[in-house]
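Colleague: using only what follows, build the 3D model:
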Amino acid sequence: MELNRRLAQDPPERSASEVIGPHLLGRVYRPDPRDWSLPRLMEIAEPPAEIRQRTIEQVLTETTYFTDWRAYLVFWRWLKKQAGGAPPAPGPTPAGDAAPAWQLPVQLDQGDTGHCVGFGWTGWVDATPVPGEFQNADAHALYYECKVIDGEPRAENGSTVRSGALALRNRGRLAAFAFAGSLSEIDQWINTQGSVVVGTNWTDDMFHPDADCYVMLDRLDSEQAYLFQNSWGSGWGQHGRFKIKFADFAGLLAADGEACCAAELPH
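Modeller: Numbering: from 1, shown residues only. Have a look, this model is predicted:
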């Protein structure tokens, strides 16, 4: 399995559609106080030394490390990574870029639908470090699974980023998820763990990428921007990708934006 990260400027290798069509959005913002904080998820995704140096019995009886079943799943993910050995070292990075982008070789296209949540999470499945092979049909199916979770089967009124995470958790693709509360938390995750599923307002000027739910692949230090991939086909933007300046994205995050980080399970 190829785990190398690729350079940020590399376009996706294949596309489900080359044509730009009338694309809808479809993210619904609905926060939930039960969500984990990202520091809590990071604590289990990368166990600290004081945990690794204890026996399992000591961890169970002397700490609050395992608070619920999600913690056990995330810890099992970490154990699997250790058993499989360290992943290959990433390739060369662009000048001024601290880390290459996570690889997402499939360019999805949601077409004239409001299924962006299903497509955003499908992009996350397809991206490294645990690459998948989901296509457009899988993304539409995932959206309808979200609507079952929402209590509105088959409805075409959009869904939440959280419902997408829950749908993939039901499929056994992720152990747990958390929402980042700041750019520094996002940076910590994307530099070490994987891509981020983002849901933000989508302003009129954002339809022109030189200037919903999509996937963050990289932090471009030299440009003071993040790199994203949307699900509107390779004919949109820069082969389906676009960039947002750090300051602009901070504003989107503050305006009921979401950046969901999920611990993907090996398969």
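
Colleague: show me what whatever helix or strand residue 79 lives in is in contact with.
Modeller: Assigned by DSSP states H and E, residue 79 belongs to helix 69-83. Residues outside helix 69-83 that contact it (CB atoms under 8 Å, 6 or more residues apart in numbering): 36, 41, 44-47, 65-66, 175-176, 263-266. Every C-beta, even on glycine, is put in place using the N, C-alpha and C of the backbone.

Colleague: look up phi and psi at residue 198.
Modeller: Residue 198 has phi and psi values of phi -110, psi 140 when expressed as degrees, to the nearest 10.

Colleague: how many residues are close by it?
Modeller: By the criterion of other CB atoms under 10 Å, residue 198 has 25 neighbours.

Colleague: same check on residue 234?
Modeller: Residue 234 is flanked by 22 other residues according to other CB under 10 Å.

Colleague: list phi and psi for it.
Modeller: With angles defined as degrees, to the nearest 10, residue 234 sits at phi -80, psi -10.

Colleague: hang on, the earlier thing: select from the contacts of helix 69-83 every entry located in helices.
Modeller: Assigned to helices by DSSP state H, the following of the contacts of helix 69-83 qualify: 41, 44, 45.

Colleague: contacts only, for the nearest residue to the last one once chain neighbours are set aside.
Modeller: With CB to CB, 6 or more residues apart in numbering as the measure, residue 263 is the residue that lies nearest to residue 45, at 5.3 Å, once sequence neighbours are left out. Contact analysis of residue 263 by CB under 8 Å, 6+ apart lists 41, 44, 45, 73, 74, 77, 174, 175, 176, 177, 193.

Colleague: distance of the fourth one from residue 106?
Modeller: So the one you mean is residue 73. 26 Å (CB to CB, to the nearest Å).

Colleague: between the two, point out the one with more neighbours.
Modeller: residue 106 (22 against 17).

Colleague: hang on, the earlier thing: among the contacts of helix 69-83, which one sits closest to residue 156?
Modeller: Comparing the contacts of helix 69-83 against residue 156 with CB to CB places residue 264 closest, at 28.2 Å.

Colleague: for that closest one, what are its contacts?
Modeller: Residues near residue 264 by CB under 8 Å, 6+ apart: 77, 124, 125, 129, 130, 173, 174, 175, 194.

Colleague: state the pLDDT value of it.
Modeller: Looking at residue 264, its pLDDT is 90.

Colleague: hey, what's it bridged with?
Modeller: Beta-bridge partners recorded for residue 264 (DSSP bridges): residue 174.

Colleague: next, residue 157: phi, psi?
Modeller: The phi and psi values for residue 157, taken as degrees, to the nearest 10, are phi -110, psi 20.

Colleague: sorry, slip of the keys, the one I care about is residue 140.
Modeller: phi -60, psi -40.

Colleague: shouldn't it be in contact with residue 121?
Modeller: No. Using CB atoms under 8 Å, residue 140 makes no contact with residue 121, being 11.9 Å away.

Colleague: those two: which is more packed in?
Modeller: Using other CB under 10 Å as the criterion, residue 140 and residue 121 rank with residue 121 on top: 31 against 17.

Colleague: which ones are touching the more buried one?
Modeller: 139, 142, 164, 165, 167, 168, 197, 213.
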